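Trainee: coordinates only, sequence not included:
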């Protein structure tokens, strides 16, 4: 069997090309095989668009009846009703829009990083884990650095 000779230069060039390709994909925030967006990612993106509508009806349709929400703010698997009262109603008027910057999907698990723009022109970043089943979000775990990254905290700051 004939051997293949690989020079250090060709390995370096291959590595540089792979690194450049990974950088382009990471910069786009989204990488999908053959351009198809996974169904569970679509559901999560609809969730963020619903914030911009300031209407509870889209949330009611997207969130499963057994939905739970968890965050570092003492929200430990709170119900859909508690989420509406404690999170959505208290924050919706401060949210202008979201830029979903990074999404990772594996089966029913969707992990993402987003930039939230507030109504006063400020912004903050959070990361969330969504569990999606049957086209509806069953659970969200939100990761942030404290109350200073709530939409209301950032949105009420003077420019």
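Mentor: The structure has been received and is ready for your questions. Small disclaimer: the values here were computed from a predicted structure and weren't measured. Numbers count the residues shown, from 1 in each chain.

Trainee: following element in sequence after the helix or strand of the chain with the lowest mean pLDDT, please.
Mentor: Using mean pLDDT, DSSP states H and E, helix 8-28 stands out as the lowest-scoring helix or strand of the chain, at a mean of 43. Downstream of helix 8-28, the first helix or strand assigned by DSSP states H and E is helix 39-53.

Trainee: got a list of contacts for that next one?
Mentor: 58-59, 62-63, 88, 92, 95-98, 100, 103, 105, 107-110, 112, 114, 130, 132, 135-137 (C-beta atoms under 8 Å, 6 or more residues apart in numbering). C-beta here means a position set from N, CA and C on the backbone, and glycine is covered the same way.

Trainee: so which of these belong to helices?
Mentor: 58-59, 62 (DSSP state H).

Trainee: adding distance to residue 76, pLDDT and neighbour count, write those residues out as TSV.
Mentor: Shown next, in TSV, are the ones in helices among the contacts of helix 39-53 (distance: C-beta to C-beta, whole Å; pLDDT from 0 to 100; neighbours: other C-beta atoms under 10 Å):
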residue	distance to residue 76	pLDDT	neighbour count
58	25	95	16
59	20	94	20
62	22	97	18
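
Trainee: let me have those residues in TSV, extended by distance to residue 123.
Mentor: Putting those into TSV (distance: C-beta to C-beta, whole Å) gives the following:
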residue	distance to residue 123
58	23
59	22
62	23
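
Trainee: what is residue 118 paired to in the beta sheet?
Mentor: Taking DSSP bridges as the rule, residue 118 bridges to residue 95.

Trainee: tell me the spacing between it and residue 97.
Mentor: Per C-beta to C-beta, to the nearest Å, residue 118 is found 9 Å from residue 97.

Trainee: more neighbours, the two?
Mentor: residue 118 (22 against 14; other C-beta atoms under 10 Å).

Trainee: now the more buried one: how far from residue 55?
Mentor: Counting by C-beta to C-beta - residue 118 and residue 55 are separated by 19 Å.

Trainee: and for residue 86?
Mentor: Computed with C-beta to C-beta, the distance linking residue 86 and residue 55 is 18 Å.

Trainee: please apply the same query to residue 130.
Mentor: Taking C-beta to C-beta, one finds residue 130 at 20 Å from residue 55.
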